[in-house]
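**Student:** Kindly generate the corresponding structure for this input.
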Amino acid sequence: MDCKYCRIAANQYPAHILYEDENVVAFLVENPVSKGHSVVVPREHAERYTEIQNVSGFARGLKNFLLLMEEYICPDLHIVVNPGRKGGQNNLHFQMHIIPQYEGEKIFEWTWHQLTEDEVEEITRKVKNKSKD
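**Tutor:** Reported below is the predicted structural model:
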């Protein structure tokens with residue numbers, strides 16, 4: 001498999017690595033939306049969060065990196081996951097974008113939607129009932 005993020009994790013592709021441990025690698029994004037914009041990826045190849053084998057190790061590495069970013073770069077951070085190609089993910093390796101939010105910067109603009117009661121009930125029924133299986 002030719003995965004850019006796997007190559008970065010194996011130190012086989014140049015990147016500005018900010019943090020790494022046995023489970024994760026965090027590095028600066030080439031074209032950031034904010035100063036310090038970085039991504040955290042699992043060392044193992046996984047396209048989705050649910051495919052990560054050592055979730056607790058990933059979470060521990062993510063937390064360690066977030067603590068460093070909050071203390072030394074910016075205390076206000078967006079944590080964003082792009083869900084596959086539909087969500088804008090170019091490299092199909094799970095990645096969490098860590099985006100500092102500085103005073104006066106406008107990074108995200110949300111479009112809020114009002115769900116109908118039927119839509120709320122349908123979503124609740126689909127997920128809640130399956131969680132009891």
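
**Student:** CA only for contacts and neighbour counts going forward, please
**Tutor:** Will do.

**Student:** Can you list phi and psi of the residue sitting nearest the centre point of the chain for me?
**Tutor:** Note on the chain: the residue nearest the mean C-alpha position is Met96, at 1.2 Å, using C-alpha atoms, centre = their mean. Main-chain dihedrals, Met96, degrees, to the nearest 10: phi -110, psi 120.

**Student:** Please enumerate the helices of the protein.
**Tutor:** Taking DSSP state H as the criterion, the chain carries its helices at 4-9, 55-72, 117-131.

**Student:** per-residue confidence averaged over the second one?
**Tutor:** In this model, helix 55-72 has an average pLDDT of 98.

**Student:** for the shortest one, same thing?
**Tutor:** Taken as a whole, helix 4-9 has an average pLDDT of 95.

**Student:** sorry, back to before: deepest of the helices of the chain, which one?
**Tutor:** helix 4-9 (a mean of 20; mean count of other C-alpha atoms under 10 Å).
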